[in-house]
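Asker: Need coordinates for the following:
(4 chains)
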There are 2 protein chains.
Amino acid sequence: MEQEKETQHQNSEERLKEAARIEFMRKGYAAAKIRDIAKAADTNLALLNYYFRSKENLFQIVMAENVDKLFENILPVLNDSNTSLEVKLVLISKLYTKMLLDEPSLPIFVLNEIQTNPEGFGNQIRFNQNVMNSHYITQLAETDKDTDPIHHLITYLGMILFPFVMKPVMQATGAILPEKFTNMIKQREKLAPVWMMTLLNLPGLPSSNSVDV
Amino acid sequence: MEQEKETQHQNSEERLKEAARIEFMRKGYAAAKIRDIAKAADTNLALLNYYFRSKENLFQIVMAENVDKLFENILPVLNDSNTSLEVKLVLISKLYTKMLLDEPSLPIFVLNEIQTNPEGFGNQIRFNQNVMNSHYITQLAETDKDTDPIHHLITYLGMILFPFVMKPVMQATGAILPEKFTNMIKQREKLAPVWMMTLLNLPGLPSSNSVDV
DNA sequence: GTCTATAGAGGGATAGAC
DNA sequence: GTCTATCCCTCTATAGAC
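Answerer: Below is the predicted model of the structure:
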């Protein structure tokens, strides 16, 4: 019987992992200090090393979960051969917008760590395989036979992700107030699929102005 | 008479600054070591501190120049009230593509440093003012009266910049070979303006299929 | 499992000779 | 201006008591 497990805090190991996730994300690997992580988790250095052996190892664990997060929910959508391209576009926008509003600094963090240390990501190849061989890619290629589907993949992902990548710039320079940002994102969640359908010369969803089904 | 100034290397100060730029960009601020910077510049720690007083100060100098680089060439284009929106779109694509092919890791580096330390960039506000008050923004607003021009600003910048942001991911996962990347970018340089004109419902450039002047 | 204390290495900065 | 040697602090990791 492990009844009162959720009272107050989880166990030390989970608290440490969560604190690490936050600290690494905020400062980056090199600038993050395991002393601060331990303190944020309300424990100490020795315990952190007891559970995770080293800073590097703790980082790898946290990082793998972060990368998973960026793909796990989206892959089933990309590979569903029962949905139209239009529906996929809408779902992709919804899923990423939801996730990124919850974790706005995840993209830059992940991208930067890969750029500064690409060797650590050879094992993530499977994700790529799953994306590049997906039903979504096939549909893009069939819809626009003149253009490499990777262009549309990147373009659409950029429509959704790029505002989050630019968020720090927009806010540091005062281009947009913090509260307005969420508002802008909510608008884009609807606009991005429409834009993409325009680029692909698709009629749009049945619910708006198309003909059948 | 300072005739033979360009022989072999520049002076130590310039070599140090250049080495710093490379090292900071590759590793990020925290992971970069001034010992390595000094070594790469073929000199030593003491001289680096003699010229720049501290790692932090050297970084600020290099960083300011990097941010400038991202704006200096583009602002005149955005503010030229004698060019059509179509022409601006083409020029923006050309300028950024050229610059980024030369400095592919600049975007993530700058974005990450801003995300991890936003306070250091309050002084860059002037750039933002210049962009948000530009002729380009006015033209976007007039062309699509229903949409906040910041959406189109972001969308178009994303079309051009986002592939560079994703470059490390695409290459680490093997989605695209290093040589193919340049090829893909060259294609996008032409495609991006066309896509954007489609989104804005513009007829296109005179040279392609439009009517007058 | 959890803690205190400390070993050990690395990196930023400076002193001082030339 | 340029160098060698060194100071000193910070951070990771571990030893060892409880």
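Asker: what does the helix or strand bottoming out on mean pLDDT in chain A rub up against?
Answerer: Ranked by mean pLDDT, DSSP states H and E, the helix or strand of chain A with the weakest confidence is helix A:125-132, at a mean of 83. Counting by CB atoms under 8 Å, 6 or more residues apart in numbering or on different chains, the neighbours of helix A:125-132 from elsewhere in the structure are A:67, A:71, A:75, A:78-79, A:137, A:150, A:153, B:170, B:173-175. (C-beta placed from N, C-alpha, C; glycine too.)
Asker: Surely A:Ile74 touches A:Leu95?
Answerer: Yes - counting by CB atoms under 8 Å, a contact exists between A:Ile74 and A:Leu95, whose distance comes to 5.7 Å.
Asker: The biggest helix by length in chain A and chain B, are they touching?
Answerer: Residue-count comparison of every helix in chain A, with assignments taken from DSSP state H, identifies helix A:149-172 as the longest. Yes - applying CB under 8 Å from any CB of the partner chain, one finds helix A:149-172 touching chain B at A:150-151, A:154-155, A:157-159, A:161-163, A:165-166, A:168-172.
Asker: Specify the angle between the next helix or strand after that helix and helix B:178-199 in degrees.
Answerer: Scanning forward in sequence from helix A:149-172 by DSSP states H and E, the next helix or strand is helix A:178-199. With axes from the mean of the first three to the mean of the last three CA atoms, to 10 degrees as the basis, helix A:178-199 and helix B:178-199 are set at 90 degrees to each other.
Asker: buried ones in helix A:178-199?
Answerer: Counting neighbours by 16 or more other CB atoms under 10 Å in any protein chain shown, one finds that the buried residues in helix A:178-199 are A:181, A:184-185, A:188-189, A:191-197, A:199.
Asker: dump the residue contacts of A:Glu142.
Answerer: A:Glu142 makes contact with no residue under the criterion CB under 8 Å, 6+ apart.
Asker: and the least confident helix or strand of chain A, which residues are buried?
Answerer: For helix A:125-132, a neighbour-count test (16+ other CB under 10 Å) marks A:127-128, A:131-132 as buried.
Asker: Check the offset of it from the chain's centre.
Answerer: Centroid displacement of helix A:125-132 relative to its chain, using CA atoms, centre = their mean, to the nearest Å, is 15 Å.
Asker: quick one, that helix and helix B:149-172 angle?
Answerer: 130 degrees.
Asker: re earlier: summarise which helices and strands the longest helix of chain A is packed against.
Answerer: helix A:85-102, helix A:106-116, helix A:135-143, helix A:178-199, helix B:106-116, helix B:149-172, helix B:178-199 (3 or more CB pairs under 8 Å, 6 or more residues apart in numbering or on different chains; DSSP states H and E).
Asker: contacting residues around the closest residue to A:Leu191 other than its chain neighbours?
Answerer: With sequence-adjacent residues excluded and distances taken as CB to CB, 6 or more residues apart in numbering or on different chains, A:Leu191 is closest to B:His151, at 6.6 Å. B:His151 makes contact with A:184, A:187-188, A:191 under the criterion CB under 8 Å, 6+ apart.
Asker: quick check: angle from the least confident helix or strand of chain A to helix A:135-143?
Answerer: Angle between the axes of helix A:125-132 and helix A:135-143 is 40 degrees (criterion: the same axes, to 10 degrees).
Asker: Please identify the helix or strand for the residue nearest the centre of chain A.
Answerer: When chain A is reduced to its mean C-alpha position, the nearest residue by CA atoms, centre = their mean turns out to be A:Leu70, at 3.5 Å. When secondary structure is defined using DSSP H and E, the element that contains A:Leu70 is helix A:55-72.
Asker: Nearest to DNA strand C, out of the helices and strands packed on helix A:149-172?
Answerer: With respect to DNA strand C, and counting by CB to the nearest atom of the strand, the nearest of the helices and strands packed on helix A:149-172 is helix A:106-116 at 14.2 Å.
Asker: List the buried residues in that closest one.
Answerer: Within helix A:106-116, the residues that qualify as buried are A:106-116, counting by 16+ other CB under 10 Å.
Asker: wait, does it contact chain B?
Answerer: Yes - contact check for helix A:106-116 against chain B, using CB under 8 Å from any CB: residues in range are A:108-109, A:111-112, A:114-116.
Asker: From DNA strand D, how far out is whichever residue of chain A sits closest to DNA strand C?
Answerer: Closest approach between chain A and DNA strand C, counting by CB to the nearest atom of the strand: A:Ala46, at 3.1 Å. In this view, A:Ala46 and DNA strand D are 4 Å apart by CB to the nearest atom of the strand, to the nearest Å.
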